[in-house]
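1. How does the following fold in three dimensions:
(one chain, ligands or ions: 1)
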Amino acid sequence: MGSVHIDDLAGIDRMTETEIPDDHPRRESLRTRHRIEEGVEKGITSKQGLVAQGRGEAFDYLLGEETTESAERAERAAVARILLADHAVVSVNGNVAALCPEDAAALAEATGADLEVNIFHRTRERLEAIADHLREHGADDADVALRGLKADARIPELSSERAKVDEEGIYSADVVLVPLEDGDRAEALAAMGKDEIVIDLNPLSRSAQNATVPVIDNVVRAFPRMAEFADSLRGAPTTELREIVEGFDAEEVLDDAERRIRGGLDDGDEDTR
Ligand code: ATP
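-> A predicted model of the protein is given here:
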C-alpha cells in the first residue's frame with residue numbers, strides 16, 4: 001500500500017484497465033475496480049455488487065492487501081477438501097464472474113468441481129450473461145459442468161432468489177465453495193449439512209463463521225492460488241489429503257485475520273510481513 005494524491009486517482013479513474021501504469025502503487029485495487037465496473041456495464045454484476053466490493057476493499061486494506069500465511073493454509077485445505085469430495089460445486093455470482101472468471105474455471109477444471117451460477121438479483125438475462133462470460137473465459141463445456149440455469153431445486157428455509165439451485169449441482173453436492181456469500185444462504189447451506197468453503201475478506205461475516213474452511217482473502221488472489229494448489233495436490237494420495245483437512249483449524253484462521261485487522265500489521269501471523 002502507498003499514498004497517492006487524489007488528483008492521480010481522478011486521472012486513473014478515467015483510464016481503462018490496460019492503461020493503469022504497471023508501477024502504480026494501487027494498481028491491483030484499481031484493476032479490480034475496473035473489472036467490477038465493466039461487469040456492471042455488461043450486465044454481469046449487479047449495482048449491489050459494487051457495494052459488496054467496497055466493503056471487501058476496506059477489509060483487504062486492513063489485512064495488508066496480501067495473502068496471509070493463514071489464508072494460504074486455508075486455501076490448501078480447501079483444495080484438499082474439494083479433491084476429497086464426492087461432488088463439489090463452485091458457486092459463482094456476478095462479482096466473481098467479473099473479477100476472476102478464468103481462475104474460477106481453472107479451479108473447477110483442475111479439481112473436477114462443477115461451476116454453478118447463483119445470484120441474488122436473478123434475471124434470466126443475467127444468468128445467461130454470466131454463463132456466457134464464464135464460457136468465454138475458459139469454462140469449456142467439455143471440461144466443466146456449468147450449472148445454475150435449470151434451477152429445479154430449492155435450498156430449504158431460504159426465501160431469497162438465491163435459494164434456487166440445480167438439483168444436479170449445489171442441491172446434491174457434498175462440498176460447496178461459496179465466495180462472497182450472503183450470510184443467510186451460507187447458514188442455510190450449512191443447515192443442509194454441506195461442507196462449506198467460504199472466501200470472504202471479512203472474518204466476522206456469518207458466512208466465514210459458518211464455514212468448514214474459511215478463506216479470508218480476496219477472490220482475485222485466492223482463486224489463482226487455489227488453482228495452483230489443485231495442480232500440485234491432484235495426484236496426492238487420499239491419506240495425505242485427509243491429513244491436510246484434519247489438521248486444519250478454522251477458528252485459528254478466523255482469529256488470526258481478526259487480530260490482524262484490529263491490530264494492524266503488527267499483529268496476526270508473523271511470517272508474511
Ligand atoms: P453477512 O450477513 O455474512 O455479514 P452480507 O450478506 O452482509 O454478509 P454482503 O454485504 O453481500 O454480505 O458483502 C459481501 C461480503 O463479501 C463482505 O463480507 C465482503 O467483505 C466480501 N467481499 C467483497 N468483495 C470481496 C472480494 N473481492 N474478495 C473476497 N471477499 C469479498
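
2. what residues does the stretch 1-150 of the chain put near the ligand?
-> Selection of the stretch 1-150 of the chain residues close to the ligand by CB under 6 Å from any ligand atom yields Ala52, Gln53, Arg55, Gly56, Phe59. To be clear about C-beta, it is placed using only N, CA and C from the backbone, and glycine gets the same treatment.

3. how about those residues in a markdown table, adding pLDDT?
-> Rendered in a markdown table, the data for those read as follows (pLDDT from 0 to 100):
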| residue | pLDDT |
| --- | --- |
| Ala52 | 93 |
| Gln53 | 94 |
| Arg55 | 94 |
| Gly56 | 95 |
| Phe59 | 96 |
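
4. neighbour-wise, which of the residues you listed leads?
-> Highest neighbour count within these: Gln53, with 23 neighbours (other CB atoms under 10 Å).

5. and the residue of the stretch 1-150 of the chain found nearest the ligand, what element?
-> Of all residues in the stretch 1-150 of the chain, Gly56 sits closest to the ligand, at 2.3 Å by CB to the nearest ligand atom. Secondary structure assigned from DSSP states H and E places Gly56 in helix 47-63.

6. Same check on Leu134?
-> Counting by DSSP H and E, the element that carries Leu134 is helix 124-136.

7. now the helix or strand following that helix, how far from the centre of its chain.
-> Along the chain past helix 124-136, the next helix or strand (assigned with DSSP H and E) turns out to be strand 146-147. Here the centre of mass of C-alpha atoms in strand 146-147, compared against the chain's by CA atoms, centre = their mean, to the nearest Å, lies 17 Å away.

8. ok, and what's touching strand 146-147?
-> 89, 114-117, 131, 134-135, 139, 166, 168-170 (CB atoms under 8 Å, 6 or more residues apart in numbering).

9. Tell me the one among the residues you listed nearest to Gln48.
-> The nearest member of the contacts of strand 146-147 to Gln48, counting by CB to CB, is Val117 at 16.3 Å.

10. name the element Lys150 belongs to?
-> For Lys150, there is no enclosing helix or strand under DSSP H and E.

11. Return the distance of the closest residue to Asp143 other than its chain neighbours relative to Val144.
-> Ranked by CB to CB, 6 or more residues apart in numbering and with sequence neighbours excluded, the top spatial neighbour of Asp143 is Glu109, at 4.9 Å. Taking CB to CB, to the nearest Å as the measure, Glu109 and Val144 are separated by 5 Å.

12. count of residues packed around Val79?
-> Other residues near Val79 come to 30 when the count uses other CB under 10 Å.

13. Counting by contacts, list what the helix holding Gly56 packs against.
-> Using 3 or more CB pairs under 8 Å, 6 or more residues apart in numbering; DSSP states H and E as the contact criterion, the neighbours of helix 47-63 among helices and strands are helix 27-41, helix 94-99, helix 250-263.

14. in it, what's buried?
-> Neighbour counts over helix 47-63 (16 or more other CB atoms under 10 Å) mark Gly49, Leu50, Ala52, Gln53, Gly56, Glu57, Phe59, Asp60, Leu62, Leu63 as buried.
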